[in-house]
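# this one's structure only:
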Ligand SMILES: [Zn+2]
């Protein structure tokens, strides 16, 4: 798999191009923007990219930009949001058409799940943080 190229698309000028280098250094060849969408076609690329933080998006180009993203997967390692300095493995799946939302956050050091959410996307988006917590605990 190494050396193969992924399809990329520039969010700014919509240029499509192929690029197989370091994703952090990816740039649009026509406008130099680094605001890019990466399309990964092969499923097993996901499990290989364990030390990257990836955002994979499925878009329907016929829809207005706000509603274009039909499915989004975020996967990878990142610092925990609270500033504790801990690293977490995050897996987040959002599917607009299936009305599905799943989130799993695992503390890298202990291997324990800090957070595990599975619910309909409409439920996830609606309601305050407080209401959501109550739902999870009940
Ligand atoms: Zn561009």
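Okay, I see it. Not measured: the values here are computed from a predicted model.
# Let me see the domain layout of this structure.
Following automatic domain parsing, one finds the domains of the chain at 1-39, 51-137.
# The first one near the ion anywhere?
Yes. On the criterion Cβ under 5 Å from the ion, domain 1-39 is in touch with the ion at 10, 12, 13, 15, 28, 30, 31, 33. The way it works is simple: take the backbone N, C-alpha and C, and place the C-beta from them, glycine included.
# could you flag which of those are buried?
10, 28 (16 or more other Cβ atoms under 10 Å).
# check contacts around the nearest residue to residue 124 once chain neighbours are set aside.
Spatial nearest neighbour of residue 124, chain neighbours left out: residue 101 (4.1 Å); criterion: Cβ to Cβ, 6 or more residues apart in numbering. When contacts are counted by Cβ atoms under 8 Å, 6 or more residues apart in numbering, residue 101 touches 93, 94, 95, 117, 118, 119, 120, 121, 123, 124.
# which among those residues gets closest to residue 87?
residue 117 (19.6 Å; Cβ to Cβ).
# what sits against the closest one?
The contact partners of residue 117, by Cβ under 8 Å, 6+ apart, come to 101, 102, 103, 104, 124, 136.
# what's the answer for residue 29, then?
Taking Cβ under 8 Å, 6+ apart, one finds 15, 17 in contact with residue 29.
# need the next SSE after the lowest-mean-pLDDT helix or strand in the chain, C-terminal direction.
Here the helix or strand of the chain ranked lowest by mean pLDDT, DSSP states H and E is helix 44-48, holding a mean of 48. Counting by DSSP states H and E, the element after helix 44-48 in chain order, helix or strand, is strand 54-59.
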